[in-house]
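K.L.:
Below are the sequence and a predicted model; questions follow.
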Amino acid sequence: MKNKLFLFLSLIVMVSVLIGLTIEDPWGSKTQTTDNQINVNTPVHVSYGTPVYTDDFDGVNDTTALKARGYKPYYRGTGAQGLTATWYQGSTVVFNAFNGPATGYVAANYNVVTGTNNIDSWLVLPRLAGGTLATDSLFFYERSATGSTFPDSVRVMYSSNDSVPEGVWTELGRFKTNTTTGWQRHGFKATAASVNGRFAIRYCVANGGPSGANSDYIGIDALTIERVPVTRTWTEQTSGLATTLYSVSAVSNDVAWACGAAGKVLRTTNKGTTWTNVSGDMPVGNSLYCIFAWDATNALITGISGANTYIYKTTNGGTNWIAANTHAGFGDDLYMSSATDAYFIGDSSG
């Protein structure tokens, strides 16, 4: 009996070798191809701004490692999830990384779903420290297996407030992955500034899976978020005064103060759209040469009257001004390090 079982197993092995039976790698590609690409360690590409986030995926890229770096992988395909993780470590069996170690890229493939199902694998990027600006753009390299006939596709998304696929997202663009010339770079601009803004990359294919007609294997590498400096412009404002202004103190994007001749003080709380006269009970005989404000209610001013310099203080937005100090000589500069501490310098008498 043992001899018969041995002969039977031997026959199976021999037949398998003869007919070329192979076990398919669930993490690989459906396309049988040889990629002769040389691993690029010093890539050159055009930078459109200052990188504020970079990930070359040169380390570990399994689900645990991606989450530890702030990524949020989500499976949103139809049907049960398949044999592979939503996103995982790149394989040199299919192709090498764009730069760094040969496996240094993140991949996804057709086995993320079972049978014939729709693939929708999300890779939500980490939130930027300090938030995303409207001038920020996401750049990354992508590709599929050389010669693949499967129309793998990617969508790029942006959300101002959400980090889950069920949130509110704007599609920035979509494309079919490159199957002819290796790694190809794409760029997509954020739609709005947001402290909670996030980009997301979606491997999104209808009729995908092991039995589907449209999915194979994709890779993502050399990802950056680049920031272009905002162009600032100067807009002339109307003060409403006929007298000269000598000094201005900007407290925030909204609040600023100004002062000048004839004891005049102005304040804006709407980014300079309108200026309000807050001279209050300031003596009109003073020429006010320096102002430093701490917020919309607290400010200090130096004023000259005759041969003396006065330091005036308000704690109610300019309704009242109190002479906090006076001395002979000319006051040059004033600085507040807090709402209660200030520094003053000036010229001596004569």
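P.N.:
Structure's in. What do you need? Numbers count the residues shown, from 1 in each chain.
K.L.:
Name the residues that touch stretch 61-68?
P.N.:
59, 73, 85-90, 104-107, 123 (Cβ atoms under 8 Å, 6 or more residues apart in numbering). For every residue, glycine as well, the C-beta is placed using N, CA and C.
K.L.:
List the buried residues in it.
P.N.:
Within stretch 61-68, the residues that count as buried by 16 or more other Cβ atoms under 10 Å are 61, 66.
K.L.:
for stretch 104-123, same thing?
P.N.:
104-114, 116-123.
K.L.:
before we move on, back to that, need the contacts of stretch 61-68 in a markdown table (columns: secondary structure).
P.N.:
Converted to a markdown table, those look like this (DSSP: H, G, I helix; E, B strand; the rest coil):
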| residue | secondary structure |
| --- | --- |
| 59 | coil |
| 73 | strand |
| 85 | coil |
| 86 | coil |
| 87 | coil |
| 88 | strand |
| 89 | strand |
| 90 | coil |
| 104 | coil |
| 105 | coil |
| 106 | strand |
| 107 | strand |
| 123 | strand |
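K.L.:
Out of the residues you listed, which is nearest to residue 338?
P.N.:
Closest approach to residue 338 among the contacts of stretch 61-68 (Cβ to Cβ): residue 59, at 44.2 Å.
K.L.:
what's the neighbour count on the closest one?
P.N.:
12 (other Cβ atoms under 10 Å).
K.L.:
Assign the nearest residue to it once chain neighbours are set aside to helix, strand or coil.
P.N.:
Among residues not flanking residue 59 along the chain, residue 65 sits closest, at 6.7 Å (Cβ to Cβ, 6 or more residues apart in numbering). Assigned state for residue 65: helix (three-state reduction, three-state DSSP).
K.L.:
Using the record's domain definitions, break the chain down for me.
P.N.:
For the chain, automatic domain parsing gives the domain ranges 47-227, 245-347.
K.L.:
Out of those, point me to the one whose mean pLDDT is lowest.
P.N.:
Least confidently modelled of the domains of the chain is domain 245-347, at a mean of 92 by mean pLDDT.
K.L.:
next one: that one to chain centre, how far?
P.N.:
39 Å (Cα atoms, centre = their mean, to the nearest Å).
K.L.:
can you give me the helices for the stretch 51-200 of the chain?
P.N.:
If DSSP state H, counting those that start in this stretch is used as the criterion, the helices of the stretch 51-200 of the chain fall at 63-68.
K.L.:
need the strands for it, in chain order.
P.N.:
72-75, 88-89, 106-109, 117-124, 136-144, 153-159, 170-176, 184-189, 198-208 (DSSP state E, counting those that start in this stretch).
K.L.:
For stretch 332-345, buried residues please.
P.N.:
334, 336, 342, 344.
K.L.:
Endpoints of that stretch, how far apart?
P.N.:
Stretch 332-345 has an end-to-end distance of 6 Å (criterion: Cα to Cα, to the nearest Å).
K.L.:
Begin at 17 from now on, thanks
P.N.:
In the new count, where the first residue is 17, that last one comes out as stretch 348-361.
K.L.:
still on that earlier bit, show me which of the buried residues of stretch 348-361 is closest to residue 287.
P.N.:
Distances from residue 287 to the buried residues of stretch 348-361, taken by Cβ to Cβ, are shortest for residue 352, at 21.5 Å.
K.L.:
Quick one: residues contacting residue 125.
P.N.:
Residues counted as contacts of residue 125 (Cβ under 8 Å, 6+ apart) are 43, 44, 45, 100, 231, 232, 233, 234.
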